[in-house]
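S.K.: Provided below for reference: sequence and predicted model.
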Amino acid sequence: MPESMPETSPRGLTRLAFGGDYNPEQWPESVWQEDVRLMREAGVTMVSVGIFSWALLEPSPGVYDFGWMDRLLDLLHEHGIRVDLGTPTVCPPVWFYRAHPDALPVTADGVRHEFGSRAAICHSNADYRTAAASITTKLAERYGDHPALAMWHVHNEYGVPVSACYCDSCAAHFRRWLAAAYGTVDALNEAWGTAFWGQRYAAFEDINPPRTTPTAVNPAQALDYKRFADATMRENFVMERDILHRVSPGVPVTTNFMTALSQCDSVDYWAWGREVDLVTNDHYLITDGRRTHVNLAMAADLTRSVAGGAPWILLEHSTSGVNWQPRNPAKAPGQMARNSLGHVARGSEGAMFFQWRQSRRGAEKFHSAMLPHGGTDTRVWREVVQLGASLDSLSTVRGTRTRADVAMLWDWHSWWAQNLDWRPNADHDPRERADSFYEALYDRHLTVDFAHPEADLSAYPLVVVPALYLMTEAAGRNLRRYVENGGTLVVSYFSGIVDEHDAVHEGAYPGPLRDVLGLTVEEFSPLLQDQLVRITGPDGSELSGDVWTEFVVPRGAETVWTYADGLTAGHPAVTRHRLGEGTAWYVSTRLGADGLDALLGWAVEDAQVTPRADLPRDVEVVLRAGESGSFLFAINHTASDAKVPLETPGTELLTGERAAGRLEVPAGAVRVVRLDG
Ligand code: GAL
């Protein structure tokens, strides 16, 4: 560990980060001159280099070619561009695999991946670890005090595209990990419930990864393997980070996360957030029919939350279309700026892209870039230059923090557990619940912090819990304390069911939440595909639910909505429980957007969350505040001009105009007001 506290912001970067992955090794050096000239024209402040360059930096074992990297860093430095320098450990060279073919990862079906793509790594492999440590040390020794160096970028997107390896080295490593976690094999047998289906183990040596089995594998084993695979990647990150801290002190170390739940499902970012000096994130729009700006806001809020509320950096997004979805729409005019400034509003200290210059060759040649194939006489380039100017005028937001109104609980372990085999209804998707609850809050113009179930929640008037199936006793106590002390809690069905080993809590469902919610759930009653149930409210209003219903027995809670048909007719669908100074709501079916909006309407009243002044749907308003002032971001995602009420007058930073009373935000535009005072 370093002797002093590590730096948490890029060394020498005095503006917001603006730039992208820069892969100049794909071009003759004569092109680099044009690159830096155009970077300056666009206002680029930082680029990420060397992420995939191991084969060029170490062309054969122990033989290094740093000449090109020396020239590159010097050139960038001469032009005032800061460098986020990659350790290239996501792409070992072919010579490494020829010497160590068992470093290639193996699938659960026993298929070994081949060389010829990227990120083919078994993270348990000792030779990989040695080689990664060695190239990291060499780079740190050579560039640790290079004047261009702003930060270290370890590896690339741990967990994507390979989330776990099932080879024999991993099996041995898994056994050691289990022995450390459980101490004795008896304790493991108990925790995993191996009395079931005769799975009892006599020794740790008998245990394997959850490779392909005839039918459902032991769920506790599968859940522990997710934890093990995540922890193993983190061991490798920490190994590299510690080398960098030792050899290159004072330079922050990051690795680029992918917090969007649609993009990475194998990494517990609560744990990773504690290990990096500075959180950075990559985000790409997924065209799955949902509103992409809502998904973006959610990923940005989650990123800020894993950073503990501290500023973070968007290290990659796209200027226009990507190339890895079945259909890759281009971004509409102005969308790139809305996306970029949407991240900044939610705490990012800049907006970076994959990548600077669009590749001519390789798998990503149809992925957009800052400098497209078409060159500078293109819409994308003009918008890039405009964005560089916009970010330049927002420099003073650096160091401020986004103000959240409410919290949503999220836990990757619970998500993993819910996705194991043989759950009551395959149509129940915990991510969908998180997305939908988030969207309902977004539509009320509330800014959301995410929180771990055991985190201190006392700062939030309202806490929303979408399907938190795995919940520890400690989390249950935390929520009880929160409500007793005056908080308002909203809990969705299938929460508080199992402990950390996927064992059902003793007593009736929902174990640690029974007292908080004032009810028990006698039985789940999942619905068939497309089956709907009607539920009626106190004023005779009617809503519908699908996917899930339950036989809820109130034990102190009042029934607010009741099932009107289906097997659970007459039973409570939505309940409210007053406990201590606070209130806990429970919903036992899957509500659609209307239902969630109605439910949150009641909860927001209980919580006395100040409603946002009347704003049109899809006009996003977010506040960042800190020592340098208060900044109101207004992003108009609609095709109509909008007016945003302004309680405090201020100066709009992108136009330089004064704004008072109300702020005009043209269709598709972004406005950022530095509030007076
Ligand atoms: C990221 C990755 C980049 C590039 C990009 C394309 O996930 O880190 O290297 O592949 O996707 O969208």
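M.R.: Here it is on my side, so go on. The shown structure was predicted, so the numbers you read here are calculated from the model rather than taken from an experiment. Numbering: from 1, shown residues only.
S.K.: What sits closest to whatever residue of the stretch 301-450 of the chain ends up closest to the ligand if chain neighbours are left out?
M.R.: Across the stretch 301-450 of the chain, the shortest distance to the ligand (CB to the nearest ligand atom) belongs to residue 354, at 4.1 Å. Backbone N, C-alpha and C define where each C-beta goes, glycine included. The shortest distance from residue 354 to any non-neighbouring residue, by CB to CB, 6 or more residues apart in numbering, is to residue 316 (4.3 Å).
S.K.: do residue 658 as well
M.R.: residue 651 (6.0 Å).
S.K.: does residue 141 count as helix, strand or coil?
M.R.: Under the three-state scheme (DSSP: H, G, I helix; E, B strand; the rest coil), residue 141 adopts helix.
S.K.: contacting residues for it?
M.R.: The contact partners of residue 141, taken as CB atoms under 8 Å, 6 or more residues apart in numbering, are residue 247.
S.K.: what about it, distance to the ligand?
M.R.: 26 Å (CB to the nearest ligand atom, to the nearest Å).
S.K.: what does the model give that residue for pLDDT?
M.R.: At residue 141, the pLDDT value in this model is 98.
S.K.: Work out which residue lies at the spatial centre of the protein.
M.R.: Centroid-nearest residue in the chain: residue 259, 1.4 Å away (criterion: CA atoms, centre = their mean).
S.K.: For that residue, give its distance to residue 307.
M.R.: The gap separating residue 259 from residue 307 is 10 Å, by CB to CB, to the nearest Å.
S.K.: need the helices for the stretch 201-350 of the chain, in chain order.
M.R.: 219-247, 269-273, 292-306, 335-345 (DSSP state H, counting those that start in this stretch).
S.K.: do the same with the stretch 401-550 of the chain
M.R.: Under DSSP H, counting those that start in this stretch, the stretch 401-550 of the chain gives helices at 412-418, 430-443, 473-484, 514-517.
S.K.: how about those in JSON lines, adding mean pLDDT, mean neighbour count and distance to the ligand?
M.R.: Formatted as JSON lines, the helices of the stretch 401-550 of the chain follow (pLDDT from 0 to 100; neighbours: other CB atoms under 10 Å; distance: least, CB to the nearest ligand atom, whole Å):
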{"stretch": "helix 412-418", "mean pLDDT": "98", "mean neighbour count": "22", "distance to the ligand": "19"}
{"stretch": "helix 430-443", "mean pLDDT": "97", "mean neighbour count": "21", "distance to the ligand": "19"}
{"stretch": "helix 473-484", "mean pLDDT": "98", "mean neighbour count": "20", "distance to the ligand": "32"}
{"stretch": "helix 514-517", "mean pLDDT": "98", "mean neighbour count": "23", "distance to the ligand": "39"}
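S.K.: Redo those as TSV? Include distance to residue 70.
M.R.: Output for those, formatted as TSV (distance: least, CB to CB, whole Å):
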stretch	distance to residue 70
helix 412-418	41
helix 430-443	45
helix 473-484	52
helix 514-517	61
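S.K.: Can you check which of these gets nearest to residue 323?
M.R.: Of all the helices of the stretch 401-550 of the chain, helix 430-443 sits nearest to residue 323, with 24.0 Å by CB to CB.
S.K.: would you put the C-alpha positions of that closest one in CSV?
M.R.: In CSV, the C-alpha atoms belonging to helix 430-443 read as follows (Å, rounded to 0.1, in the frame of the first residue of the first chain):
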residue,chain,number,x,y,z
PRO,A,430,-34.7,-8.1,-11.3
ARG,A,431,-33.0,-5.7,-13.7
GLU,A,432,-36.3,-4.9,-15.3
ARG,A,433,-37.7,-4.0,-11.9
ALA,A,434,-34.7,-1.8,-11.1
ASP,A,435,-35.0,-0.1,-14.6
SER,A,436,-38.7,0.5,-14.1
PHE,A,437,-38.5,1.9,-10.6
TYR,A,438,-35.7,4.1,-11.7
GLU,A,439,-37.7,5.3,-14.7
ALA,A,440,-40.7,6.1,-12.5
LEU,A,441,-38.5,8.2,-10.3
TYR,A,442,-36.9,9.8,-13.3
ASP,A,443,-40.3,10.8,-14.6
